[in-house]
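1. with the sequence up front, the predicted model follows.
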Amino acid sequence: MNVLVVGGAGYIGSHMVRQLHAAGHRVTVLDNLSTGFPEAVTAGNLVVGDMADQELVKSVLTENSIDAVMHFAACALVGESVASPAKYYRNNVLATIELLDAMRAVEVKRIVFSSSCATYGIPDVVPISEATPQNPVNPYGFTKLVIERALEDYAKAYGFGFAALRYFNAAGASPLGGIGEDHDPESHLIPLVLQVALGQRKHISIFGTDWPTPDSTCVRDYIHVDDLSSAHLAAVERIELGKGLKVNLGTGNGFSVKQIIETCREVTGHEIPAIESDRRPGDPPELVADASLAKEVLGWEPKYLTPKPIIETAWKWHQSNPTGYAKTDTGPPASTKYLVEAYLSKKQTAVPKQSEITR
Ligand code: UDP
């Protein structure tokens with residue numbers, strides 16, 4: 001298959017690219033490098049540009065004879081979405097609709113969409129199945145739900161086929177090395193704890209120790225990025241035009257903040273001081289997937305079922321890349337520079353030629 005990975009220079013997208021390539025698919029990446037890194041793209045061609053640029057997207061889709069799109073390009077921080085909803089509705093909703101319409105214009109109608117357990121809000125019952133009502137409690141969750149609904153409508157009206165994969169907590173890094181999690185600022189639990197182990201932070205703050213959970217800290221379902229990627233592979237092969245799959249991606253196992261910190265101590269051999277702090281606004285106490293539908297409809301099973309092996313892969317990445325990807329002043333490789341500048345200055349008048357970084 002020829003697959004376009006939108007957001008393929010980001011954390012989850014870059015793992016997807018590696019796996020698609022290994023499975024024998026031909027990969028093209030479209031990424032505006034707003035949060036992604038060119039070094040993270042370890043296979044295929046990288047086109048630097050924005051998914052909201054319909055002319056560019058149409059040209060990428062047709063020039064590469066794309067069969068299916070995997071869409072990872074999104075802003076994904078709950079707190080930021082509350083403070084800056086416009087950014088979220090613009091990037092996650094408006095730009096995605098532009099992407100879908102570019103696909104529609106050139107008759108590429110298969111898409112795998114990164115949705116989220118944030119679409120469920122604060123569920124009454126855990127584990128969360130796909131039948132759990134979707135009542136998001138923050139703009140991030142709403143933007144994901146809006147696109148799920150748009151995909152249903154595009155399937156009915158325009159014959160799109162889609163898979164909306166509702167991720168629980170993505171974690172870990174490729175055991176092959178070279179790619180991993182690098183956010184600025186970092187807000188996720190596991191990388192923050194590992195930064196304490198590396199001596200880059202003094203302590204980890206535990207957000208809330210008065211939750212109605214077994215050890216009074218929040219419980220999450222941590223799923224390895226390679227397991228997320230293998231579910232996408234299974235999903236893209238099962239997409240049927242005119243239909244949609246909506247599936248949770250988690251392990252079905254919940255672990256508390258304290259358990260994660262303790263496991264990080266075990267994996268790293270470092271003390272990792274932790275301090276108790278206030279609850280973080282908007283955090284649900286417990287988010288754990290009922291992951292049975294994914295097994296049934298995708299024939300998919302996660303390989304990493306507990307945090308320890310997940311954290312081991314993350315630790316390997318953080319130890320080898322303590323400051324993340326090399327952040328040089330020279331910017332992206334010379335071959336992509338024209339596109340970046342054209343995009344940033346918005347002076348693009350014609351569809352630019354794709355930059356090609358072939359690896
Ligand atoms: N968390 C924490 N301290 C931190 C960062 C996160 O206690 O410095 C908690 C957070 O409240 C949540 C869990 O760790 O219960 C996972 O948070 P993360 O931001 O990694 O993912 P989220 O569940 O928000 O998507």
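-> Received, thanks.

2. contact partners for Glu148?
-> Phe113, Ser115, Thr119, Gln134, Ala164, Lys246 (C-beta atoms under 8 Å, 6 or more residues apart in numbering). (Glycine included, C-beta is placed from N, CA and C.)

3. what residues does the stretch 1-150 of the chain have near the ligand?
-> Listed as neighbours of the ligand in the stretch 1-150 of the chain under the rule C-beta under 6 Å from any ligand atom: Val78.

4. can you give me the helices for the stretch 1-150 of the chain?
-> For the stretch 1-150 of the chain, the helices defined by DSSP state H, counting those that start in this stretch occupy 11-22, 54-63, 78-83, 85-88, 95-105, 139-158.

5. looking at those, which is nearest to Leu176?
-> helix 11-22 (7.3 Å; C-beta to C-beta).

6. which among the helices of the stretch 1-150 of the chain is found nearest to Ala274?
-> Per C-beta to C-beta, nearest to Ala274 of those: helix 78-83, 20.3 Å.

7. by contact count, what packs against that closest one?
-> helix 85-88, helix 139-158 (3 or more C-beta pairs under 8 Å, 6 or more residues apart in numbering; DSSP states H and E).

8. quick one: buried residues of it?
-> Across helix 78-83, burial judged by 16 or more other C-beta atoms under 10 Å covers Val78, Glu80, Ser81.

9. got a list of what the residue in the stretch 1-150 of the chain that the ligand sits nearest to touches?
-> The minimum distance from the stretch 1-150 of the chain to the ligand, using C-beta to the nearest ligand atom, falls at Val78 (5.8 Å). For Val78, the contact set (C-beta under 8 Å, 6+ apart) comprises Ala118, Asn138, Tyr140, Gly141, Gly282.

10. between which two of the contacts of Glu148 is the distance greatest?
-> Maximum pairwise distance among the contacts of Glu148 (C-beta to C-beta): 14.3 Å, between Phe113 and Gln134.

11. of the two, who's got more company?
-> Phe113 (26 against 21; other C-beta atoms under 10 Å).

12. before we move on, which element is the residue nearest to the more buried one when sequence neighbours are not counted in?
-> Sequence neighbours aside, Ala164 is the residue nearest to Phe113 in space, at 4.8 Å (criterion: C-beta to C-beta, 6 or more residues apart in numbering). Per DSSP states H and E: Ala164 is located in strand 161-167.

13. report how many residues lie close to the residue of the stretch 201-350 of the chain found nearest the ligand.
-> Closest contact between the stretch 201-350 of the chain and the ligand, by C-beta to the nearest ligand atom, is at Cys218 (3.0 Å). Per other C-beta under 10 Å, the neighbour tally for Cys218 reads 25.

14. out of the helices and strands in this protein, which is least certain?
-> helix 334-345 (a mean of 48; mean pLDDT, DSSP states H and E).

15. hang on, Lys109 packs against Leu151?
-> No - at 10.7 Å, Lys109 and Leu151 do not qualify as touching, with contact defined as C-beta atoms under 8 Å.

16. so what sits against both of the two?
-> The contact sets of Lys109 and Leu151 overlap at Phe160 (C-beta under 8 Å, 6+ apart).

17. isn't Gly13 right up against Gly7?
-> Yes - using C-beta under 8 Å, Gly13 makes contact with Gly7 at a distance of 4.4 Å.

18. more crowded one of those two?
-> Applying other C-beta under 10 Å to Gly13 and Gly7 shows that Gly13 carries more neighbours, namely 28 against 24.

19. which residues does the residue nearest to Ile239 when sequence neighbours are not counted form beta bridges with?
-> The shortest distance from Ile239 to any non-neighbouring residue, by C-beta to C-beta, 6+ apart, is to Gly161 (4.2 Å). Listed by DSSP bridges, the beta-bridge partners for Gly161 are Arg110.

20. do the same with the one 5 residues further on
-> Taking DSSP bridges, one obtains Ser115, Asn248 as the residues bridged to Arg166.

21. please name the residues that touch it.
-> Per C-beta under 8 Å, 6+ apart, neighbours of Arg166: Ser115, Ser116, Cys117, Thr119, Tyr120, Glu130, Lys246, Val247, Asn248, Leu249, Ala289.

22. what's the closest of those to Pro302?
-> Checking those against Pro302 by C-beta to C-beta gives Leu249 as the nearest, at 8.1 Å.
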